[in-house]
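Asker: Mind looking at a prediction? Sequence and model below.
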Amino acid sequence: MEMTLRWYGPGYDAVDLWKIRQIPGVTGVVTSLMGKQPGEVWTEADIKTLTDPVEEAGLKIVGIESVNISDDIKIGTEKRDEHIANYITTLENLGKADIHMVCYNFMPVFDWTRSDLARKREDGATVLAYNQDMIDQIKPDKLRESMEKMSGGFTLPGWEPERLDKIAELFAAYKEVDSDKLFANLVYFLEAIADVCAKYDIKMGIHPDDPAWPIFGLPRIITGKEGIEKLLKAVDKPHNGITLCTGSLGSNPTNDIVDIIKIAKGRIPFAHVRNLRYNSDRDFEEAAHLSSDGSMDMYAIMKALYDTGFDGPIRPDHGRMVWDEVAVPGYGLYDRAMGACYLQGLWEAIDKSEKRN
Ligand SMILES: [Mn+2]
């Protein structure tokens, strides 16, 4: 287990690398080129703009979150092979830069979605929250506007304005894409990148859909155990793995995360560990990482990762906004630092008690 934090790259993050380095136990970051459009090549020079500052700060890049997949690849348009060729070049350039883990997702049109990016909790902290009734009242073409309004001026990952400007065309293009077609296009993509991943020992970790169910009539396929098992079997190669995101999978309370960790044993190159509180089956809000603050058993999750031999990078995920911090929603320094320490405390306790037995 290697404790890391997400960092959005030069110019996109309110949190400085030197501050990340001062969190006990944190040795690396996952980062991304936020200015790149899905489908574009990441050149070696582009990647250097990430590795240079991270290394100067005494940290290392343990993976990329994310190299986003273009809608052409998800839909399977005639442009898909060109975009996949570009993706392969990007993976090659990442491999040459000694980066061996890439997180991505395969959600149509919209990436992670929330109805509120700053819901106030009892103690005054604010958190990201999701209320299905509020989402049902938003028209899909207004969702981007609604997310942007709540973002505090920060660029939100996965919500590229250039792409979402063409929302009506995007919806039209996805018209014929049902969950089977989307799954087939995901398999096509993973088969196409298999060789470059093998050559550079790159592990791909698909991020679960968030929330873990279809929204706005668009299919979502990585929502729980069934979809994950199906995908791991469909492309049964070491590069095809999952990003175990407890918050995204846990948005659906029927998902048994410990069970998912067990069935994906050996195929989890990256883990996002955070907690949520369910208020009803249509409403959840993010919580502090501590088990007692939300609905999840964080000890059981860390124990399952430990027991299945997880040895990849892990990061605290969205934190609460506390102590008047101003940052990308969900990505302040303070609460994620607390989360990183708490998760490491759980891990140390598990490790020591296991070794004593
Ligand atoms: Mn996540």
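Answerer: Nice, I can see it.
Asker: and Glu78, how far is that from Ala288?
Answerer: From Glu78 across to Ala288, the span is 47 Å (CB to CB, to the nearest Å). In this view, the C-beta of every residue, glycine as well, is placed from N, C-alpha and C.
Asker: burial measure for the nearest residue in space to Ala97 that is not next to it in sequence, as a count.
Answerer: Nearest non-adjacent residue to Ala97, counting by CB to CB, 6 or more residues apart in numbering: Ile47, 4.9 Å away. Ile47 has 19 neighbours, counted by other CB atoms under 10 Å.
Asker: list the contacts for Ile47?
Answerer: Residues near Ile47 by CB atoms under 8 Å, 6 or more residues apart in numbering: Leu33, Asn93, Leu94, Ala97, Ile99.
Asker: Which of those fall within helices?
Answerer: Per DSSP state H, helices hold the following members of those: Asn93, Leu94.
Asker: so which of the contacts of Ile47 is the most crowded?
Answerer: Leu94 (24 neighbours).
Asker: For that residue, give me its contacts.
Answerer: Shown in contact with Leu94 (CB under 8 Å, 6+ apart): Trp42, Ile47, Ile64, Val67, His100, Val102, Tyr200, Ile202.
Asker: neighbour-wise, which of those residues leads?
Answerer: Using other CB under 10 Å as the neighbour test, these are led by Val102, with 28 neighbours.
Asker: Could you look up the SS state of it?
Answerer: Following DSSP: H, G, I helix; E, B strand; the rest coil, the label given to Val102 is strand.
Asker: And the pLDDT at the residue nearest to it when sequence neighbours are not counted?
Answerer: Distances taken as CB to CB, 6+ apart place Ile64 nearest to Val102, at 4.9 Å, with adjacent residues excluded. Listed pLDDT for Ile64 reads 98.
Asker: again, but for Ser146
Answerer: 87.
Asker: Please report the distance of it from Met134.
Answerer: From Ser146 across to Met134, the span is 9 Å (CB to CB).
Asker: go on, Asp52?
Answerer: 42 Å.
Asker: With Met1 instead?
Answerer: 37 Å.
Asker: So which of these two has more stuff around it?
Answerer: The neighbour count for Met1 versus Met134, taken as other CB under 10 Å, is higher for Met1 (18 against 15).
Asker: That one contacts Asp311, doesn't it?
Answerer: Yes. Proximity of Met1 to Asp311 meets the contact threshold set by CB atoms under 8 Å, at 6.4 Å.
Asker: How about the residues of the stretch 151-300 of the chain by the ion?
Answerer: Within the stretch 151-300 of the chain, the positions lying close to the ion (CB under 5 Å from the ion) are Cys245, His272.
Asker: Please enumerate the strands of the stretch 151-300 of the chain.
Answerer: 203-206, 240-245, 270-273, 276-280, 283-286 (DSSP state E, counting those that start in this stretch).
Asker: how about those strands in JSON lines, adding mean pLDDT?
Answerer: Listed next are those as JSON lines, based on pLDDT from 0 to 100:
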{"stretch": "strand 203-206", "mean pLDDT": "98"}
{"stretch": "strand 240-245", "mean pLDDT": "98"}
{"stretch": "strand 270-273", "mean pLDDT": "98"}
{"stretch": "strand 276-280", "mean pLDDT": "95"}
{"stretch": "strand 283-286", "mean pLDDT": "96"}
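Asker: For Ile193, find the nearest of the ones you listed.
Answerer: Ile193 lies closest to strand 203-206 among the strands of the stretch 151-300 of the chain, at 7.2 Å (CB to CB).
Asker: helices or strands up against the closest one?
Answerer: strand 101-104, strand 240-245 (3 or more CB pairs under 8 Å, 6 or more residues apart in numbering; DSSP states H and E).
Asker: deepest of these, which one?
Answerer: Most buried of the helices and strands packed on strand 203-206, by mean neighbour count (mean count of other CB atoms under 10 Å): strand 240-245, with a mean of 26.
Asker: What residues does the residue of the stretch 1-150 of the chain found nearest the ion make contact with?
Answerer: As assessed by CB to the ion, the ion sits closest to Trp112 within the stretch 1-150 of the chain, at 7.6 Å. Applying CB under 8 Å, 6+ apart to Trp112 gives the contacts Pro157, Gly158, Asp210, Ser248.
Asker: From these, which land in helices?
Answerer: Those of the contacts of Trp112 lying in helices (DSSP H): Ser248.
Asker: of the contacts of Trp112, closest to Tyr331?
Answerer: Pro157 (9.1 Å).
Asker: burial of the closest residue to Glu160 other than its chain neighbours, as a residue count?
Answerer: Spatial nearest neighbour of Glu160, excluding adjacent residues (CB to CB, 6+ apart): Gln37 at 6.4 Å. Gln37 sits with 11 neighbouring residues when counted by other CB under 10 Å.
Asker: Now for the spatially most central residue of the chain: which residues touch it?
Answerer: Centroid-nearest residue in the chain: His207, 5.0 Å away (criterion: CA atoms, centre = their mean). Counting by CB under 8 Å, 6+ apart, His207 makes contact with Glu65, Ser66, Cys103, Tyr104, Asn105, Ile222, Ile242, Thr243, Cys245, Ser248, His272.
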